[in-house]
Structures are given as structure tokens and as C-alpha cells.
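> Fold the stuff below for me.
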Amino acid sequence: MATARAALITRSFAELTRFGQAIGVRADTLMGLSCLGDLMLTCTSPQSRNYSAGRLIGSGAAVPEALAATAGTVEGAYTALVAVDLAARHGVDMPIVSAVHAILDRNSSPEDEINRLLARPLKSEF
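Residues are numbered from 1 along each chain as shown. Predicted structure coming up:
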């Protein structure tokens, strides 16, 4: 589990870095609390609403159920589609963001999206 989480965080940061570079974000902003710090919190802390909702969905809860059971606003549920659209507009490949969007907005299962991600051809992250 720890290795999979480390891989997810690393690949997610690569996606965020590619996107940030495409829209002109400064590298030090990406390395700071507002990007890398927030990503680490979201991927590791039960105090994160995104993490809590994601754990419920990963455990088999339906998306609406998971969102209702999570106290407060689950920001990722409302921004996944926007992130996918922005990435497409800027020509940035963001497969993890696309997988999250597919689960939240297109009724795909976490298992199907994990399999889709693992089936991608190997290539450089940057």
C-alpha cells in the first residue's frame, strides 16, 4: 500500500508540474505548500475531505454517498471536470486527474480506472 501511495503521489506531482509549466506557474510555487504540500495532505491525511471521500469511494461507497458522508465540501468532486477541461485546453496529459473525473462524473469504478492507468505505456514523466 505504501509503495502504491508513493507512486500515486509522485505521478500526481508530475501531472501538476506539467500542467503548471504549461500555464506559466513558477517552479517555486509548485514546490510549496499550495501545490506539493496540499497534494501530500490530500493523499495521506484522514483530515483531508478529499482523502476521506476517496477512501469511502475506494471502499465501495457510491460517489453521492461518499460526498454526503464527508463533513464539509469535497473540493475535488467539484473541480475534477474543470481540471480535465483545462488540461485538454493546454494540451497537458493528466491521466490521474482524468481517472478521478471518470470515477466522480462518469460512473467509472476505481478498479477500472486503476487498470486503465496501469495499462498506459511507459514513458518519461516530463
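> how about the helices of the chain, start to end?
Secondary structure of the chain (DSSP state H): helices at 2-22, 27-30, 38-44, 49-58, 63-69, 75-89, 95-105, 110-118.
> In terms of secondary structure, what does the third one contact?
For helix 38-44, the helices and strands in contact under the criterion 3 or more Cβ pairs under 8 Å, 6 or more residues apart in numbering; DSSP states H and E are helix 2-22, helix 49-58. From N, CA and C alone the C-beta is placed, and that goes for glycine too.
> Now tell me what touches it from outside.
Arg5, Leu8, Ile9, Ser12, Phe13, Leu16, Gln47, Ser48, Asn50, Tyr51, Gly76 (Cβ atoms under 8 Å, 6 or more residues apart in numbering).
> Output stretch 81-93 in PDB with nothing but the alpha carbons.
Taking C-alpha atoms only, stretch 81-93 is exported to PDB below (Å, rounded to 0.1, in the frame of the first residue of the first chain):
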ATOM      1  CA  LEU A  81     -14.100  18.300 -14.600                       C
ATOM      2  CA  VAL A  82     -12.600  21.800 -14.700                       C
ATOM      3  CA  ALA A  83      -9.100  20.300 -14.300                       C
ATOM      4  CA  VAL A  84      -9.700  17.900 -17.200                       C
ATOM      5  CA  ASP A  85     -11.000  20.700 -19.400                       C
ATOM      6  CA  LEU A  86      -8.100  23.000 -18.600                       C
ATOM      7  CA  ALA A  87      -5.600  20.200 -19.200                       C
ATOM      8  CA  ALA A  88      -7.100  19.500 -22.600                       C
ATOM      9  CA  ARG A  89      -7.200  23.200 -23.500                       C
ATOM     10  CA  HIS A  90      -3.500  23.400 -22.700                       C
ATOM     11  CA  GLY A  91      -2.500  20.100 -24.300                       C
ATOM     12  CA  VAL A  92      -1.400  18.500 -21.000                       C
ATOM     13  CA  ASP A  93      -1.700  14.800 -20.400                       C
END
